[in-house]
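Q: I would like to see how this sequence folds:
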Amino acid sequence: MSEPRLSFTNIAHPAPHRQRVGMLALGFGIVGAPLAWNIELLVGTALSGQQCFPRYLPLAVPLWTGTWGFLLAMSLVAIVIGIAAGLVAWRSWRRTHDEKPGSVHGGEGRTRFMAMCGLLCSGLFLVALVFTLAAILLVPLCSG
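A: You can find the predicted model right below:
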């Protein structure tokens, strides 16, 4: 199927393979891992802060049992979401491989650019999620 071109300029659409990948998949690839990290960081910080510093003085043990397990589970779920976002971005990047011929990387259209942004964001925030998991595993919850 031939892509539409403007007759007076002979310019092709900037994303000729936009129908191969949905905007929802591109959006999830870009914001899935950062959003998971942000939610994990905000909820985890608020929860652990309330557990160890409910008033003015720190506590030696958390107020509620199971806080560490909840933080660990939340971190693992966030990592799974980050991996899923990276896989969706990678699939989108592969589907738009030949979007514009002649590029060193096999394509350079708008859809492919968004998929590459998703790969980079997911990779970067997966590193942040792993460091957050390491902090949960290595740092005691309350050290009063």
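Q: buried residues in stretch 130-144, which are they?
A: Across stretch 130-144, burial judged by 16 or more other CB atoms under 10 Å covers T132, L133, I136, C142. Backbone N, C-alpha and C define where each C-beta goes, glycine included.
Q: these two touch, right, the first one and L76?
A: No - assessed by CB atoms under 8 Å, T132 is found out of contact with L76, at 10.7 Å.
Q: buried residues in stretch 47-55?
A: L47, S48, Q51, C52.
Q: model confidence for the second one, exactly?
A: S48 carries a pLDDT score of 82 in this model.
Q: got a list of what it touches?
A: By CB atoms under 8 Å, 6 or more residues apart in numbering, the contact list for S48 reads P62, T67, L71, L141.
Q: do the same with the first one
A: For L47, the contacting residues are T67, F70, L71, by CB under 8 Å, 6+ apart.
Q: which one of those has the most neighbours?
A: L71 (23 neighbours; other CB atoms under 10 Å).
Q: could you measure from that residue over to V21?
A: 35 Å (CB to CB, to the nearest Å).
Q: from memory A84 sits against A36, does it?
A: No - A84 is beyond contact range of A36, at 9.1 Å (criterion: CB under 8 Å).
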